[in-house]
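Student: when you get a sec, could you give me coordinates for this:
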Amino acid sequence: MSIYSLPRIKFPKIGKNKWPVYFIILSIIFGAIGGALISGIFYSKFVDINIGAPQKTIEDHYFSAVSQEETIISVVERVSPSVVSIIITKDIPVAYEYYYDPSEGFEWFFGESFEVPQYEQEGTEKREVGEGTGFIISKDGLILTNKHVVSDKDAEYTVLTNEGKKLSAKVLARDPIKDLAIIKIEGEFNQVELGDSEALKPGQTVIAIGNALGEFQNTISTGVISGLKRSIVAGEGTQVEVLENVIQTDAAINQGNSGGPLLNLKGQVIGVNVAMSQSAENIGFAIPINEAKRDIEQIKTIGKISYPFLGIYYTIVTSELKEEYDLSVDYGAWVGRNANGEQTKESTFEGSAAEEAGIKENDIILEFDYKKINSKNSLGQIILNYDAGDQINLKVLRDNKETIIPVILGER
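Tutor: Here you go, the predicted structure:
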């Protein structure tokens, strides 16, 4: 069967001299019909190739956005039962107010009587003094949070679950270096899945969950990873610390979110929310989850968080310090010196592994167990790969001579 059919044409009888005219007319008619057919076929192909492709791409983007929204909803539904609020309570002195008239008996001096308020303590009462967030990392109730959330040793801590249950919590360990802590509640619970923070990429979508402002439990915010390996100064007043290698995100992290999880779209925890910038909008920070895995493993195996300790005061040698102080190397840990190259009051901590090994002022430790020490591979980062009690070798430059000194690491 033919798809296209032409109308039947009945040719009139024509004279000999009129053939050229009719030939031209027929040529025009058949040319128009043929052109229409061919252009229709090519136009159809053109639409398929040039117009159809962008339309398909737009639909793909639309369905991708819908899919991402569904993914976020699914992650939140799955992880939220493992996110908890941490309530901090403490015995606070209770005072009652009364009024005292200091002019009594001295009216001749003051002219008239008057009263001033006075306060006197009348026992104590438990009050809620703070809040934070945590998330369950084991079925038997281990919870990871920030150290600053549970830093008060005189306070009591209560966990409020997503279902509204209030459970007493015990602080098992506070990390001596990082802003991390592990607490425990009794029972059986759903636990989160831990991801790999080393695999993160800027621009990656993330989800933050936390007890925002201490009032809005399991508040959800989304954003992207806006930076990696940041260094910030966090805290206020005298409680200030430097946080290194943190994740920067534009997912909203508000007061009360501290200790909550930062998640990828697989529902895996890739960070512990720790701080927000008060001088900018939508700049928050999280501790990479890989830095917490060591703490979690140690709690499960030895019941505490332990760090190896060398025990020296030092600064990293740079090309600037090398030139200024005429040093023979531009790397290593310069013992007994501060960041400006000035001498510190002490070179080693009393009773430390470094003191026992005979490390001296002005020694430059070039290698820690055959790993070169420099600004990109600091002594603090290298030592975290070891445990207290490990024996290592230090390559030390002393009086322009290199020597190997064995050291048994202490515990912080």
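Student: quick check: which element contains residue 70?
Tutor: helix 52-79 (DSSP states H and E).
Student: pLDDT averaged over that helix - what is it?
Tutor: Averaged across helix 52-79, pLDDT comes to 69.
Student: again, but for stretch 385-403
Tutor: Per-residue pLDDT over stretch 385-403 has a mean of 95.
Student: can you name the element that comes right after the helix holding residue 70?
Tutor: Counting by DSSP H and E, the element after helix 52-79 in chain order, helix or strand, is strand 83-100.
Student: the chain: helices as residue ranges?
Tutor: 19-46, 52-79, 107-110, 290-301, 319-325, 353-357, 379-383 (DSSP state H).
Student: which parts of stretch 77-94 are buried?
Tutor: Residues 79, 81, 82, 83, 84, 85, 86, 87, 88 are the ones in stretch 77-94 that count as buried (16 or more other Cβ atoms under 10 Å). No exception for glycine: its C-beta is placed from N, CA and C like everyone else's.
Student: taking those, tell me the two that lie furthest apart.
Tutor: Farthest-apart pair in these is 79 and 88; separation 23.5 Å (Cβ to Cβ).
Student: can you pull the domain assignment for this protein?
Tutor: 81-184, 194-298, 308-411 (automatic domain parsing).
Student: so which of those domains is nearest residue 68?
Tutor: Evaluated with Cβ to Cβ, the domains of the chain place domain 194-298 nearest to residue 68, the distance being 7.1 Å.
Student: please work out the average pLDDT along the closest one.
Tutor: For domain 194-298, the per-residue pLDDT averages 87.
Student: below-threshold pLDDT in the stretch 51-200 of the chain: ranges please.
Tutor: Along the stretch 51-200 of the chain, the parts satisfying pLDDT under 70 run over 51-66, 95-96, 98, 100-116, 118-119, 121, 123.
Student: please repeat the previous calculation with a cut-off of 80.
Tutor: 51-66, 92-124 (pLDDT under 80).
Student: now for the closest residue in space to residue 370 that isn't next to it in sequence, how many residues are close by?
Tutor: Leaving aside its sequence neighbours, residue 370 sits nearest to residue 393 (Cβ to Cβ, 6 or more residues apart in numbering; 7.0 Å). The tally of other residues near residue 393 (other Cβ atoms under 10 Å) stands at 13.
Student: any idea how far residue 160 is from residue 132?
Tutor: Using Cβ to Cβ, to the nearest Å, residue 160 is found at 11 Å from residue 132.
Student: now the common contact residues for those two.
Tutor: Contact with both residue 160 and residue 132 is made by residues 85, 86, according to Cβ atoms under 8 Å, 6 or more residues apart in numbering.
Student: with neighbour numbers in mind, choose between these two.
Tutor: Using other Cβ under 10 Å, the more surrounded residue of residue 160 and residue 132 is residue 132, with 26 against 16.
Student: shouldn't the more buried one be in contact with residue 147?
Tutor: No - Residue 132 sits out of contact with residue 147 when judged by Cβ atoms under 8 Å, with a separation of 10.4 Å.
Student: need the overlap of contacts for the two.
Tutor: Joint contacts of residue 132 and residue 147 (Cβ under 8 Å, 6+ apart) do not exist.
Student: mind checking the end-to-end distance for stretch 176-185?
Tutor: End-to-end distance for stretch 176-185, by Cα to Cα, to the nearest Å: 22 Å.
Student: quick one: it to chain centroid distance?
Tutor: Mean C-alpha position of stretch 176-185 versus that of the full chain (Cα atoms, centre = their mean, to the nearest Å) differs by 16 Å.
Student: report the buried residues of it.
Tutor: Within stretch 176-185, the residues scored as buried using 16+ other Cβ under 10 Å are 178, 179, 180, 181, 182, 183, 184, 185.
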